[in-house]
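>>> Below: sequence and its predicted model.
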There are 2 protein chains.
Amino acid sequence: MEVEVKVRIDSPAEMEKSIVDMGAYFLKEVVEEDTYFSHPCRDFSTTDEALRIRNGSSLTYKGPKVDMDTKSREEHIVHFDSEMEMRGILSALGFREVARVRKRRRYYRIGDVTISLDTVDHLGHFVEVECIGEYGECREKVMEVCEKLHLKEFIRKSYLELLLEKENQRGTT
Amino acid sequence: MEVEVKVRIDSPAEMEKSIVDMGAYFLKEVVEEDTYFSHPCRDFSTTDEALRIRNGSSLTYKGPKVDMDTKSREEHIVHFDSEMEMRGILSALGFREVARVRKRRRYYRIGDVTISLDTVDHLGHFVEVECIGEYGECREKVMEVCEKLHLKEFIRKSYLELLLEKENQRGTT
C-alpha cells in the first residue's frame, strides 16, 4: 500500500530548505514523462484508476484511492524491454493514449518516507510525501513529515486530473 | 507479420528424421508454459485474438488470423521483470486467466524458416512451420518446407482452442 499526499507550493527553494533542515537527504533528480491510457470499457476518471507508461520503460496501474484525505492506493508496476511492443499490445487491446504529463522531480528521503519536489509542465510546483508499506504505520509517518513541513492543504487529484481539468477550463472559456 | 502453419503428427521420431534429412539443424529444446487471459469486454474466442504470459517472463498479444489457411497474424511481445506485478496489472484491468497450455518444443531452423516439434500436455504431437517477415515471401518459404515434409492437413486452431474444445467435449459426454 502506498500512502501519499500532495500539496501545491509557491517557492520550491524555500521548501527545499525546510526539507533539508528537517534532516532529509537529497537522493536524485529525474525527469519523468508519463503517458496515460484510457481503458477499453471502463471510465478511469469515474473509477479513479490510472494506467501509464513512464519514460518508455515501465507500466504502472494505480487503483482507486482508499481513504478520504491521502492518495493511498493499490499500485502495480512492471519494467519492460520494448516501448513500441508495449504500446502495440495496449493499442490492440483497446487502450488509448489520453494525455502526457512531464515533470522534473527532486527526491529526498527521511526514514521510510520519500519526499519529492516536483515542477510539472503547465501546472507549477508541488511537493509529495510518500511511504510504502503497512497502511496505518505509513499514514502516521507521512503525517508527521507533513506537520514538520507545515503542509496542510492536501490535493487528492493526480497531475493527470489537474491537467485535464485545466484543458477543459481552457476549452470552455 | 508471422506466417505459421500447424499439423498434427503421429510419430515425432519419424518427423524429426525428415526435418534433419531436409537439411534443417536443431536449435534448442524448451518447455513453454503459457497462461491465457480473457479480455474485460471483448470475447477473444469470437474475435480470434489471444493474450498470454509465457514462462512468467513475457506478455504476447496475437491478433486475428489474416488468411484462410495459415495462422498468419499480427503479434506483439514484451519481456517484463515481475510476473506477480504483471498479473496484478492484468487482474486489476479486468483480464482473467482462462487456461494454461504446457508443451515441450524442439526448435529446428532452415534458412528463414523455423520448425518446431511440439509435444503438448493433454493434446499430443504437432509440428509447426513458421517464418517472420514480409507476408508473400514468408508464405512461399513456409509452403516449400511443408511440401518437403509432406505436411498437408493444416490446423488453424491454436493449442488453446484445441484444449478448450477438448474440455468442452469432456463436459458434454
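Yep, that arrived.

>>> Spell out which parts of chain A neighbour chain B.
A:39-42, A:49, A:51, A:59, A:61, A:63, A:74, A:76-82, A:85-86, A:88-89, A:92-94 (Cβ under 8 Å from any Cβ of the partner chain). C-beta: built from backbone N, CA, C; applies to glycine.

>>> Among those residues, which ones are in helices?
A:85-86, A:88-89, A:92 (DSSP state H).

>>> quick one: low-confidence parts of chain A?
For chain A, residues meeting the criterion pLDDT under 70 lie at A:68-71, A:171-173.

>>> Going along the chain, name the strands of it.
A:2-8, A:25-38, A:50-54, A:58-65, A:73-79, A:96-110, A:113-120, A:124-132 (DSSP state E).

>>> Which strands and helices lie in contact with the shortest one?
The criterion is 3 or more Cβ pairs under 8 Å, 6 or more residues apart in numbering or on different chains; DSSP states H and E, and the helices and strands that strand A:50-54 contacts are strand A:25-38, strand A:58-65, helix A:83-92.

>>> Out of these, which gets nearest to residue A:150?
strand A:25-38 (20.1 Å; Cβ to Cβ).

>>> May I see the buried residues of that closest one?
A:32, A:34-38 (16 or more other Cβ atoms under 10 Å in any protein chain shown).

>>> pull the CA atoms of that strand into PDB?
Taking Å, rounded to 0.1, in the frame of the first residue of the first chain, the C-alpha atoms of strand A:25-38 are listed here in PDB:
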ATOM      1  CA  TYR A  25      18.800  13.900   2.400                       C
ATOM      2  CA  PHE A  26      18.800  14.500  -1.300                       C
ATOM      3  CA  LEU A  27      18.500  11.300  -3.400                       C
ATOM      4  CA  LYS A  28      18.400  12.300  -7.100                       C
ATOM      5  CA  GLU A  29      16.800  14.500  -9.700                       C
ATOM      6  CA  VAL A  30      14.900  12.800 -12.500                       C
ATOM      7  CA  VAL A  31      12.700  13.800 -15.400                       C
ATOM      8  CA  GLU A  32       9.500  11.700 -15.600                       C
ATOM      9  CA  GLU A  33       7.500  11.600 -18.800                       C
ATOM     10  CA  ASP A  34       4.200   9.800 -18.300                       C
ATOM     11  CA  THR A  35       1.800   8.700 -21.000                       C
ATOM     12  CA  TYR A  36      -1.700   7.900 -19.600                       C
ATOM     13  CA  PHE A  37      -4.100   5.500 -21.200                       C
ATOM     14  CA  SER A  38      -7.900   5.000 -21.100                       C
END
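
>>> In the sheet, which strands lie alongside that strand, parallel or antiparallel?
strand A:50-54 (antiparallel), strand A:96-110 (antiparallel) (DSSP bridges).

>>> could you give the angle of the shortest one to strand A:58-65?
Just to be clear, that refers to strand A:50-54. If you take axes from the mean of the first three to the mean of the last three Cα atoms, to 10 degrees, strand A:50-54 sits at 150 degrees to strand A:58-65.

>>> May I ask you to confirm that residue A:120 is in contact with residue A:102?
Yes: at 7.4 Å, residue A:120 counts as touching residue A:102 under the criterion of Cβ atoms under 8 Å.

>>> contacting residues for residue A:113?
Residue A:113 is in contact with A:24, A:129-131, A:141-142, A:145, counting by Cβ atoms under 8 Å, 6 or more residues apart in numbering or on different chains.

>>> will you turn these into a markdown table that also has neighbour count?
Converted to a markdown table, those look like this (neighbours: other Cβ atoms under 10 Å in any protein chain shown):
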| residue | neighbour count |
| --- | --- |
| A:24 | 21 |
| A:129 | 28 |
| A:130 | 22 |
| A:131 | 25 |
| A:141 | 19 |
| A:142 | 24 |
| A:145 | 22 |
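
>>> Apart from its chain neighbours, what residue comes closest to residue A:23?
residue A:110 (5.8 Å; Cβ to Cβ, 6 or more residues apart in numbering or on different chains).

>>> just to revisit the earlier point, make TSV from the helices and strands packed on strand A:50-54 and add distance to residue A:7 to it.
Formatted as TSV, the helices and strands packed on strand A:50-54 follow (distance: least, Cβ to Cβ, whole Å):
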stretch	distance to residue A:7
strand A:25-38	18
strand A:58-65	16
helix A:83-92	32
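
>>> and residue A:156, which of these is closest to it?
strand A:58-65 (6.5 Å).

>>> Tell me the spacing between residue A:49 and residue A:163.
Separation of residue A:49 from residue A:163 (Cβ to Cβ, to the nearest Å): 17 Å.

>>> can you list the strands of chain A in JSON lines and add distance to residue B:156?
Below are those laid out as JSON lines (distance: least, Cβ to Cβ, whole Å):
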{"stretch": "strand A:2-8", "distance to residue B:156": "46"}
{"stretch": "strand A:25-38", "distance to residue B:156": "32"}
{"stretch": "strand A:50-54", "distance to residue B:156": "33"}
{"stretch": "strand A:58-65", "distance to residue B:156": "32"}
{"stretch": "strand A:73-79", "distance to residue B:156": "32"}
{"stretch": "strand A:96-110", "distance to residue B:156": "30"}
{"stretch": "strand A:113-120", "distance to residue B:156": "50"}
{"stretch": "strand A:124-132", "distance to residue B:156": "47"}
